[in-house]
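Engineer: Okay, here's the prediction I keep looking at, along with the sequence it came from:
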Amino acid sequence: MLNNYNAPQLKGTQIRQLSFIEKTLHLDTMLLLGLLIMSSIGLVVLYSSGNQNLGLIYKQLVRMGIAFTIMIAISRIHPDRLLRWAPWFYGAGIILLLAVLVVGTKSKGAQRWLNFGLFRFQPSEIMKIAVPMMVSYYYSRKNLPPSFKQIIVGSLIILIPTGLIAKQPDLGTSLLIASSGFFAIYFAGISWKLLLSAAGAIAAAAPAFWMFFMHEYQKQRILTFLDPEKDPRGTGYHIIQSKIAIGSGGTYGKGWLNGTQSQLDFLPERSTDFIFSAFSEEFGLIGVCILLSIYFLIIVRGLYIAAQAQNTFSRLLCGSLVLTFFVYIFVNIGMVSGLLPVVGLPLPLVSYGGTSMVTIMAGFGIMMSIHTHRKLYSS
Amino acid sequence: MDIKDNFKETRLFTNRTVIAVIVVFIMLCILIVQMVNLQVVEYDKYSTKSVNNRIKIEPHPPRRGLIYDRNGVILADNTPSFQLTLVPEEIKNVKETTLRLRDIVEISEDELTRFEKLMKNLRSNNLHRFDHIPIKFQLSDNEVARFAINRHLFPGVYVKAHIARRYPLKELASHIVGYVGRINEKELKTLDYFDYAASTHVGKTGIEKYYEDILHGDVGEIKVEKNVSGRYIRTIEETQPKPGNDIYLTIDSTLQMEIEKAFGVYSGAVVAIEPKSGEILAMVSQPGYDLNLFVNGISRKKYKELQADKMQPLFNRLTRGQYPPGSTTKPLVALAGLHYGVIKPEDEVFCPGHYMLPNVSHKYRCWKKWGHGKVNIESAIAQSCDVYFYDLAYKLGIDRMSTFLDRFGLGKKTGIDLPGEKPGILPSRQWKRRAKNEPWYHGETLISGIGQGFTLTTPMQLAEATALIANRGKYIQPHLLKKHIDPATDTESTAKIKSNGNTITDVKPEHWGIIIDSMHEVVQGKKGTARKIGLDAAYEFAGKTGTAQVFGVKQDEEAKDNEELAFELRDHALFIAFAPIDDPKIAVAVIVEHGGGGSSVAAPVARIVLDKYLLGVNGAK
């Protein structure tokens, strides 16, 4: 199999040699398997939710091809090089975010895009990687756990891009980026006391945030989340139909291609943000459990890689990327099932759409790079 | 830079990683709990909601029952009719298409405005852009053909067949059969929401309205699956509608036709009834109108025309026309005199041409200016002497007279199975107090005695009273519904008709005999007012003429000859009759509006009715 069992095992020392896939392709078999399974599930659900439109499947396949290629390409870059690049990468991201605010293209009331003629580009996507990189870079040179001052500096690294993105406005992405940076600080070893007081401070600041910083549509989303029945034709419609889709799936589901909520168009955004509802309708609670188990295995594998990483930068970066991946999952499923307000986050690897998939796969590329470039101790 | 303690850092990191795994696990469990909550605990609720989302019940209209006459001649049936519809979704420019359509089929302004209004309010009419929106109902065969040729020029325009009500005999018995029309908003509120979910039409007048319950049938339903925008996906389950029952009326359409013909230029009404059963044999309100005009909405212009028509074709004279009965009530008043013992058969009264109340100078004229001389009950009825009845009315008094006439159904609805029947007026002290808040005067008793004054009757009431005389008091409920048949099972039901009167049992048989003999004299006696039409009849019958004044004659004014009066001021001619006397098979009441005296125009019509019914062809000896 993958492991080379010819190597003699010595007590207390990691002596396993890298397998062919690891050494030559720089990929982690377990992680790759998990990603491929999830992507396949995504295609199966998309075929049904997209009304059996093969065109949609081809498009998604192309995107997946691009995303996997990017992952493979990144996995070949040595983590040390990523470490060196981190400040430049972060700096470039900040400049692009400033550019968005000045010359960005508006779409659906938000200024999030840079138009390069041939393609449009969302600089906030870069930040999903650049922010944890930068935070990890910063703490990699410090003696951990970090001092209070170091935590303030780390927070500033996070808050500058977060603020710029929130201003676009793109609350979902800014929260996601903030949490990715936060995870790096968490893994760096922020004290629990400080963590709890920070949480308390944020809770206390929430009303002010509501009053001064939130846009009307954002407030509306929160209000609708609290009481979707209040606006059953407008914003509440999504969540009501989504809950009907999920609930009516029952334990075993209505069967593939038989979900009436999705097949008859009752479920809005059923191939993108609400694809999980379409999945739950057709595959039921059992399907949901299997899906979440695979996600859980991917996350556990990712955290295992982080734990195996051999320097601080790799550990922090890998850990925060894995937890960010989890935030996607939790926020998306929490949203479509009515646990959280509607935030436009896709279900990673399953939702139809390209941008976020590329970013996510780039993250996995970094994880694989970290895992396959590690030095082995051999006898 | 501080010196890194790698061992400590690794331990710290492993610690944090383990906690992260635990937190991730807990949060995934929270998601699963929410899923269990939705998919297991609340499964029933969401499953129901999902079904309600997609399953729609589409009602299917039942076939409306047909209407036949007593011999099975069709009076109302259903026929495929074609309407022109537009499917907005499939048409680039609806306005331009409608304009071009007008070159091919005739689309009136009314229809166009209706269509445009509908297009603007699709949502509120529960229509979608992929539905068929009708622009014109009832295309002619020509228009269907013309459209078929040009079909390729009109994508998104369709000719759709549906079932429409049709009245093949058009005007015949129009006031009896009645018509159906589109359900209006007021009716929508009163009709059973479920039963009429698919129906577009409802009975508006006549039998169509009265027996709506029998004719309509039960709605069927189709359970269909629809997507979020209401588009049809598939049929899940179907319950067939139950067709309405077919109705057989008691009227004879041939007799009906003959009567309508007999009227000629006159307007008026005829009711012929079978005294034994109460079955209405014919009921004619003349002129009639083409019932088909109303089925899909009559054009405003045509409706105005009908309303403005002086002959009032839309007016149902049979149960809603209220006329002074004139001398046709004399047999009843005479019977009252005999019954109360006020007069004896042999009592004679001298008629000098007028009558005066004691101590009152007012002269009550007899229609015969120079008087009838000595008359008894028989000759008074036969010659319709007014003075005899002034005297009799005076002796009876208004109280006994109105009580007695009331038993013959005057002033009350007969309960005939038609909507909107009027009760007429049978004057009495109480009535006058109630209606006018005035006391009763003696003079009014006198003119009531000859069927003038306040008294008003419908032709239906007169026919019913005549049938009662023919039956010698035995009450029968007049009705139009003979039977109705469930077309699915072929089971026959007879109509349950509520009885609206009572048999008269306390009048002595010899009194009935005297009255009937006197009425016989009217038509077949030497001096009878209607002997011209009666003497040559092949059967023994009884009748009574009547004249209802339209134009009141003032006290000192000579009554003008009817020919000198403007047509619409001329008297109405009335005639009642039944035949044969010893075994009455038919009783009839005739009113010819502005026909002058009863004997001249009304009686001949009655004779035709009797002949056609009793003899089939021509009844001359």
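Structural biologist: Alright, I've got the coordinates.

Engineer: from chain A, which residue is nearest to chain B?
Structural biologist: The minimum distance from chain A to chain B, using CB to the nearest CB, falls at A:G247 (2.5 Å). C-betas here are computed from N, CA, C, even on glycine.

Engineer: so what's the closest residue to chain A within the stretch 401-550 of chain B up against?
Structural biologist: Proximity to chain A, evaluated over the stretch 401-550 of chain B using CB to the nearest CB, is greatest for B:A488 at 35.3 Å. For B:A488, the set of contacting residues under the criterion of CB atoms under 8 Å, 6 or more residues apart in numbering or on different chains consists of B:K242, B:P243.

Engineer: So stretch A:53-62, near chain B or not?
Structural biologist: No - Stretch A:53-62 lies out of reach of chain B by CB under 8 Å from any CB of the partner chain, never closer than 15.5 Å.

Engineer: quick one: the residue of chain A closest to chain B and B:S50, what's the gap?
Structural biologist: According to CB to CB, to the nearest Å, A:G247 stands 8 Å off from B:S50.

Engineer: between these two, which one's more packed in?
Structural biologist: Taking neighbours as other CB atoms under 10 Å in any protein chain shown, A:G247 and B:S50 compare with A:G247 leading, 29 against 23.

Engineer: Might one say that that one is in contact with B:L38?
Structural biologist: Yes - taking contact to mean CB atoms under 8 Å, the distance of 4.2 Å between A:G247 and B:L38 places them in contact.

Engineer: anything in contact with each of the two?
Structural biologist: Each of B:Y46 lies in contact with both A:G247 and B:L38 under the rule CB under 8 Å, 6+ apart.

Engineer: Tell me which helix or strand B:H484 sits in.
Structural biologist: Secondary structure here is read from DSSP states H and E; on that basis B:H484 sits in strand B:481-485.

Engineer: What is that strand packed up against?
Structural biologist: Packed against strand B:481-485, as judged by 3 or more CB pairs under 8 Å, 6 or more residues apart in numbering or on different chains; DSSP states H and E, are the following elements: strand B:246-249, strand B:492-494.

Engineer: got JSON lines for those, with distance to A:T312, mean neighbour count and mean pLDDT too?
Structural biologist: Putting the helices and strands packed on strand B:481-485 into JSON lines (distance: least, CB to CB, whole Å; neighbours: other CB atoms under 10 Å in any protein chain shown; pLDDT from 0 to 100) gives the following:
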{"stretch": "strand B:246-249", "distance to A:T312": "94", "mean neighbour count": "25", "mean pLDDT": "94"}
{"stretch": "strand B:492-494", "distance to A:T312": "96", "mean neighbour count": "12", "mean pLDDT": "86"}
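
Engineer: could you redo the ones you listed as CSV and give each row distance to chain A?
Structural biologist: Converted to CSV, these look like this (distance: least, CB to the nearest CB, whole Å):
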stretch, distance to chain A
strand B:246-249, 42
strand B:492-494, 45
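
Engineer: For the strand holding B:H484, list the C-alpha coordinates in CSV.
Structural biologist: Output in CSV follows, covering the C-alpha atoms of strand B:481-485 (Å, rounded to 0.1, in the frame of the first residue of the first chain):
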residue,chain,number,x,y,z
LEU,B,481,-90.9,19.6,-13.3
LYS,B,482,-92.2,16.3,-14.4
LYS,B,483,-89.2,14.2,-13.5
HIS,B,484,-85.4,14.2,-13.5
ILE,B,485,-83.1,11.4,-14.5
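
Engineer: Distance from that strand to the middle of the chain?
Structural biologist: Distance of strand B:481-485 from its chain centroid, counting by CA atoms, centre = their mean, to the nearest Å, is 17 Å.

Engineer: How about stretch A:62-78?
Structural biologist: A distance of 16 Å separates the centroid of the chain from that of stretch A:62-78, by CA atoms, centre = their mean.

Engineer: Same question for it: list its buried residues.
Structural biologist: Residues A:R63, A:M64, A:A67, A:F68, A:I70, A:M71, A:I72, A:I74, A:S75 are the ones in stretch A:62-78 that count as buried (16 or more other CB atoms under 10 Å in any protein chain shown).

Engineer: Who are the contact partners of the second one?
Structural biologist: Contacts were defined as CB under 8 Å, 6+ apart; by that measure A:M64 touches A:S39, A:M357.

Engineer: Which helix or which strand is home to it?
Structural biologist: Assigned by DSSP H and E, A:M64 belongs to helix A:54-75.

Engineer: For chain A, what's its nearest residue on the stretch 251-400 of chain B.
Structural biologist: Across the stretch 251-400 of chain B, no residue is closer to chain A than B:G297, which sits at 35.1 Å (CB to the nearest CB).

Engineer: The stretch 151-300 of chain B against chain A: which residues are in contact?
Structural biologist: Among all residues of the stretch 151-300 of chain B, those adjacent to chain A (criterion: CB under 8 Å from any CB) are B:E225, B:K226, B:N227, B:V228, B:S229, B:I233.

Engineer: Nearest to B:L357 among those?
Structural biologist: Minimum distance to B:L357 across those is 81.5 Å, recorded for B:K226 (CB to CB).

Engineer: Share the number of residues neighbouring B:A308, please.
Structural biologist: A count of neighbours around B:A308, defined by other CB under 10 Å, yields 8.

Engineer: do B:V342 as well
Structural biologist: As a burial measure, the neighbour count of B:V342 was computed by other CB under 10 Å and equals 18.

Engineer: and it, what is it in contact with?
Structural biologist: With contact taken as CB under 8 Å, 6+ apart, B:V342 is in contact with B:A336, B:L392, B:K395, B:L396, B:R400.

Engineer: and the first one, how many neighbours?
Structural biologist: A total of 26 residues lie near B:A336 under the criterion other CB under 10 Å.
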